[in-house]
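Novice: Next input, structure requested:
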Amino acid sequence: MTCILIDDEPDCLDLLALLIRKHCPTLQIIGQYGDPHEAIAAIQTMRPNLVLLDVEMPEINGFGVLEACRDIPFQVIFTTAFNEYAVKAFKYSAIGYLLKPVGQEELVDAVQRAQQVLSIQHLVQQRDILFDYLHPARPVREKIALATSTEVVFIPVNDIIYCEADGNYTQIYRHSQKTPALFTKPLKEIEELLPADLFYRVHHSFVINLKRVEAYIRGDNGGVRMCNGTLVPVARARKQELLILLDKV
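Specialist: This next block holds a predicted model:
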């Protein structure tokens, strides 16, 4: 698998190359670039399988590089000092990222995920979701990308009925599917990806789609009945706010 490394900080570039040569022997580094203009030209010419791409760079940032190479199919792993907005964008699209300083275990894990065989259509969908998040003025696709143990699934948020915590994973129940799917993210992280005006955390184990609620059941043992017939419990402290939100939907 061929890869190109892009970072405007020479020390970070050298460290990343050293870690890859030492711990990721299946990767062949075919170029290292500190100038994003040169990096774009190299991607267009050499067509790597994987690009490890710094976010913050002068003139053109990592998103700009990816946008310039949008028609070229390759896996991408972003590297970044902590930037909450950027990291949320990566989570939203299920595109890989590494926080600086890059560690050995995190690098190996990200590379292994990138080496999973993905179709060109899959890569296009991931990038479309990423850019829709970064450019909210564009028509919204209203999809999120979530990983199971074997694949990345692109889910229309309106199709979600509710999400249920399952340890460090989350079961998602959808209107278009008879059975739930298990995703490798905790409920808290999935909640952060969902539109706050459409989804609400009614219980420590449940996030619901307000538009998929059929009825509110009063009483201590009550809750909300969802469109699939499931009765989801509502924490006592959340009931009043939930009623206000349901009245607005």
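Novice: how's the protein carved up into domains?
Specialist: 2-134, 155-248 (automatic domain parsing).
Novice: Would you confirm that residue 77 contacts residue 97?
Specialist: Yes - if you go by Cβ atoms under 8 Å, residue 77 and residue 97 touch, sitting 6.6 Å apart. C-betas here are computed from N, CA, C, even on glycine.
Novice: Now the common contact residues for those two.
Specialist: Residues touching both residue 77 and residue 97 by Cβ atoms under 8 Å, 6 or more residues apart in numbering: residue 110.
Novice: The closest residue to residue 10 other than its chain neighbours - how many residues pack around it?
Specialist: Nearest residue to residue 10, sequence neighbours excluded (Cβ to Cβ, 6 or more residues apart in numbering): residue 34, at 6.2 Å. Per other Cβ atoms under 10 Å, the neighbour tally for residue 34 reads 17.
Novice: got the contact list for residue 34?
Specialist: 6-10, 13.
Novice: and it, how far is that from residue 86?
Specialist: Here residue 34 is placed at a distance of 20 Å from residue 86 (Cβ to Cβ, to the nearest Å).
Novice: Restricted to buried residues, select the contacts of residue 34 in ChimeraX.
Specialist: If you want just the buried ones from the contacts of residue 34 in ChimeraX, going by 16 or more other Cβ atoms under 10 Å, the selection is:
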select :6,7,8,9,13
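Novice: Just send the contacts of residue 34 back as CSV, with distance to residue 64 too.
Specialist: Listed next are those as CSV, based on distance: Cβ to Cβ, whole Å:
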residue, distance to residue 64
6, 11
7, 14
8, 13
9, 17
10, 20
13, 18
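Novice: Max pairwise distance over the contacts of residue 34: which two?
Specialist: The span of these, defined through Cβ to Cβ, is set by 6 and 10 at 12.1 Å.
Novice: which SS state does the residue in the chain sticking out farthest from the centre fall under?
Specialist: Most distant from the centre of the chain: residue 219, at 37.9 Å, with distances by Cα atoms, centre = their mean. At residue 219, secondary structure determined by DSSP: H, G, I helix; E, B strand; the rest coil is coil.
Novice: ok, now how distant is it from residue 90?
Specialist: Taking Cβ to Cβ, one finds residue 219 at 43 Å from residue 90.
Novice: Next: residue 50.
Specialist: As judged by Cβ to Cβ, residue 50 and residue 90 stand 15 Å apart.
Novice: which residues of this protein score low on pLDDT?
Specialist: Across the chain, the ranges flagged by pLDDT under 70 are 117-118, 136-141.
Novice: can you give me the helices for the chain?
Specialist: With helices called from DSSP state H, the chain shows them at 10-23, 36-46, 62-68, 84-93, 104-114, 120-134, 187-193, 239-248.
Novice: Ranking those by mean neighbour count, which comes first?
Specialist: Most buried of the helices of the chain by mean neighbour count (mean count of other Cβ atoms under 10 Å) is helix 62-68; its value is a mean of 19.
Novice: Other residues contacting it?
Specialist: For helix 62-68, contacts defined as Cβ under 8 Å, 6+ apart pick out 6, 36, 39-40, 43, 53-57, 60, 76, 78, 80, 127, 130-131, 134.
Novice: quick one: contacts for residue 170?
Specialist: 163-164, 182-183, 185-187, 190.
Novice: Give me the buried entries from those residues.
Specialist: Buried residues within those, counting neighbours by 16+ other Cβ under 10 Å: 163-164, 183, 185, 187, 190.
Novice: What's the separation between the residue nearest to residue 126 when sequence neighbours are not counted and residue 123?
Specialist: In space, and not counting its chain neighbours, residue 126 is closest to residue 93: 5.2 Å by Cβ to Cβ, 6+ apart. From residue 93 across to residue 123, the span is 11 Å (Cβ to Cβ).
Novice: Please apply the same query to residue 162.
Specialist: 30 Å.
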